[in-house]
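Undergrad: from the sequence below, what's the structure:
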Amino acid sequence: MASSSLPVRAYIPREHGAWFMFFVPLVVGFVRFPSAWNVSLAFGLGLLFLSAGGWLRYLRSRFREEHALVWGGVLAGAGILFLLPPLIHVPVLYGFLAIGILSALVYAWEVLRGREKAMPAYVALAFLLSLPYPLLATSGAGTLTADAWHGYFLFAALTVGSSLYVKSLLRERRNPTYAWASHAYHVAVPLVFALIRPTYALLFLPALARDLGTPRSQKITPAFVGVIEIANFLAFGILFLLFL
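TA: Below you'll find the predicted structure:
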């Protein structure tokens with residue numbers, strides 16, 4: 001059993017990029033759809049996000065750090081209590097909740113296999129972290145809307161692209177295949193979304209510019225890459241609020 005003297009920060013999600021991947025869609029969704037139900041929903045989602053640090057620490061320890069499990073369980077339980085009122089008010093939210101559970105299970109399986117840096121894990125994580133927007137959009141509208149689905153896929157596409165971009169700069173910097181895959185992805189995504197609505201493509205222009213403009217020939221520190229991605233998500237969120 002792990003020592004109970006571990007500081008609280010040991011159980012907080014340590015992936016800094018994940019904070020922006022989660023909170024940008026949450027803030028955008030809340031600003032676009034403010035309501036009392038969404039206050040409760042946002043608090044619940046925030047607590048569930050914080051609980052992830054405990055769950056992941058427990059999985060990475062191969063079920064040995066029981067205090068991490070307690071931390072994750074308590075925060076998740078509190079988060080579920082906040083989620084219950086909007087879930088009862090708008091039952092269609094259970095559909096997105098099911099998608100979230102499935103995505104979390106896929107990611108947990110990849111963590112247990114030691115493959116949390118593989119693309120399947122990144123894709124599952126993208127669909128999990130992007131859930132705040134469709135949940136808040138659906139709760140605010142009182143029903144399932146095209147806007148909720150479109151926003152969900154927009155944020156998920158951004159997050160997958162971010163993971164691919166970071167992987168091409170750090171873990172796979174010497175593998176040109178990842179650089180070309182990142183370039184192709186960032187060119188294709190705006191074109192695909194433009195077929196649905198031209199303004200959707202506008203949201204991805206900062207991501208496209210930073211992908212094509214970042215040299216892979218020289219080493220870039222993880223801290224600097226993190227700053228770039230924080231700016232990328234903030235720019236996406238601002239453009240989302242301005243043009244959609």
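Undergrad: show me the contacts for A124.
TA: For A124, the contacting residues are 103-104, 106-107, 110, by CB atoms under 8 Å, 6 or more residues apart in numbering. From N, CA and C alone the C-beta is placed, and that goes for glycine too.
Undergrad: how about a cut-off of 6 Å?
TA: 103, 106-107 (CB atoms under 6 Å, 6 or more residues apart in numbering).
Undergrad: cool, and S163?
TA: With contacts defined as CB under 6 Å, 6+ apart, the neighbours of S163 are Y122.
Undergrad: where does this structure dip in pLDDT?
TA: 1-15 (pLDDT under 70).
Undergrad: helices of that one, residue ranges please.
TA: Ranges of helices in the chain, per DSSP state H, are 16-32, 36-60, 66-89, 93-112, 119-129, 132-141, 146-169, 176-196, 198-203, 205-213, 222-243.
Undergrad: next, the angle from the fifth one to helix 16-32.
TA: This points to helix 119-129. Using axes from the mean of the first three to the mean of the last three CA atoms, to 10 degrees, the inter-axis angle of helix 119-129 relative to helix 16-32 is 30 degrees.
Undergrad: residues of helix 119-129 that come out buried?
TA: Buried residues in helix 119-129, defined by neighbour count with 16 or more other CB atoms under 10 Å: 121-129.
Undergrad: which among these gets closest to A42?
TA: Set against A42, the nearest of these by CB to CB is L129 (14.4 Å).
Undergrad: nearest the geometric middle of the protein, what residue?
TA: Nearest residue to the geometric centre of the chain (CA atoms, centre = their mean): L129, 2.6 Å.
Undergrad: how much space separates it from V24?
TA: Remark: distance between L129 and V24 (CB to CB, to the nearest Å) = 9 Å.
Undergrad: now L234
TA: Distance of L234 to V24, given as CB to CB: 7 Å.
Undergrad: next, count neighbours for R57.
TA: For R57, the count of nearby residues is 23 (other CB atoms under 10 Å).
Undergrad: ignore the last one, V39
TA: Neighbour count for V39, taken as other CB under 10 Å: 14.
Undergrad: which parts of stretch 48-65 are buried?
TA: 48-59, 65.
Undergrad: cool, and stretch 160-172?
TA: Neighbour-count burial for stretch 160-172 flags 160-169, 172 (criterion: 16+ other CB under 10 Å).
Undergrad: closest to V28 out of these?
TA: S162 (15.7 Å).
Undergrad: contact partners for H16?
TA: By CB under 6 Å, 6+ apart, the contact set of H16 is G226.
Undergrad: distance check, it against Q218.
TA: Look at H16 and Q218: by CB to CB, they are 23 Å apart.
Undergrad: all good on my end, thank you.
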